[in-house]
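# A structural model of the following input is requested.
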Amino acid sequence: MDRNSNSYTFIFSIIMVIVVGSGLAYTATSLKGLQDKNVLEEKMQNILATIGIQTERADAPAKYEQYIQEAIVLNHNGEVVEGVEAFAVDLNKEMDKPVEEQAFPLYVADVDGEKYYIIPLYGSGLWDAIWGYVSLKEDVNTIAGASFGHKAETPGLGAEITKEYFTKRFVDEKVMDESGNMIGVSVVKGYTGGNDKDDSKVDIISGATITSVGVSDMISERLKHYLPYFEKQGNVKVANN
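Numbers count the residues shown, from 1 in each chain. Take a look at the predicted model:
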């Protein structure tokens with residue numbers, strides 16, 4: 001075949017597309033197991049971080065087994081759903097469903113005899129999805145720790161939600177009012193409350209109002225769905241209104 005002909009160029013292009021495409025597909029398939037493992041270990045890292053356990057990713061599974069007593073999935077009535085793995089629940093997909101059909105993962109930890117409840121979060125930032133975990137102390141009213149992540153927030157602005165200086169602001173904040181209403185934690189521009197941990201408010205990230213509010217919204221939106229479960233445990237007073 002004439003290498004200078006159009007037909008040769010066309011056939012050669014098709015062959016190269018097939019070869020390259022097959023190579024990429026094989027590479028993606030062969031690496032999927034490793035990618036899934038890395039994602040799982042990173043989730044474990046983030047869960048552990050909310051209860052003050054810092055670890056390298058490779059050591060996360062062992063630490064997770066040490067401190068996490070239960071990983072359960074609840075329905076909207078606070079009942080445990082059997083046969084569903086907590087890590088298998090994709091909150092992005094769940095939140096597209098009616099609340100009555102959603103699954104709510106919950107991780108229960110024990111650190112030196114202290115119990116913690118760790119709740120996954122998912123919401124919207126300025127540009128795309130944000131997510132995280134928040135742990136509650138045994139009174140299920142006091143935040144023990146938090147970790148946040150994002151897909152496309154602006155470096156130096158919204159992306160600061162991942163920084164320790166921001167996540168530390170949530171520690172010891174209360175998520176309920178005195179009547180048992182779930183109010184979450186509000187991020188407030190120009191907050192002047194100092195170290196007041198009873199006002200359920202923290203200072204906003206300067207220049208990242210929308211992302212900061214997104215963090216506040218996803219905390220209050222997600223936590224309220226766990227009240228039926230906590231009520232069944234006898235750990236919290238739920239408001240009647």
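# mind listing the helices in the protein by residue range?
6-49, 60-67, 91-94, 164-167, 209-223, 227-233 (DSSP state H).
# which non-adjacent residue is nearest residue 191?
Of all residues beyond its chain neighbours, the one nearest residue 191 is residue 203 (4.0 Å), with distances taken as CB to CB, 6 or more residues apart in numbering. Just so you know, the C-beta spots here come from the backbone N, C-alpha and C atoms, and that holds for glycine as well.
# mind listing what the one you found touches?
169, 187-188, 191 (CB atoms under 8 Å, 6 or more residues apart in numbering).
# could you identify which of the residues you listed has the most neighbours?
When neighbours are counted by other CB atoms under 10 Å, residue 187 leads the contacts of residue 203 with 25 neighbours.
# for that residue, give me the pLDDT.
On pLDDT, residue 187 comes in at 89.
# pretty sure it sits against residue 218.
No. The pair residue 187 / residue 218 is not scored as a contact, 11.4 Å apart, by CB atoms under 8 Å.
# picking that back up, pipe the contacts of residue 203 into a markdown table and attach distance to residue 141 per row.
Converted to a markdown table, the contacts of residue 203 look like this (distance: CB to CB, whole Å):
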| residue | distance to residue 141 |
| --- | --- |
| 169 | 17 |
| 187 | 19 |
| 188 | 20 |
| 191 | 20 |
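# which of these fall in strands?
187-188 (DSSP state E).
# and which of the contacts of residue 203 is nearest residue 153?
When those are compared for distance to residue 153 (CB to CB), residue 187 wins out at 14.2 Å.
# related to what we said a few turns ago, farthest-apart pair in the contacts of residue 203, please.
Farthest pair in those, by CB to CB: 169 and 188, 10.7 Å.
# overlap in contacts of those two?
Common neighbours of residue 169 and residue 188 (CB under 8 Å, 6+ apart) are 202-203.
# quick check, residue 84 in contact with residue 74.
No. With contact defined as CB under 8 Å, residue 84 does not count as touching residue 74 (9.7 Å).
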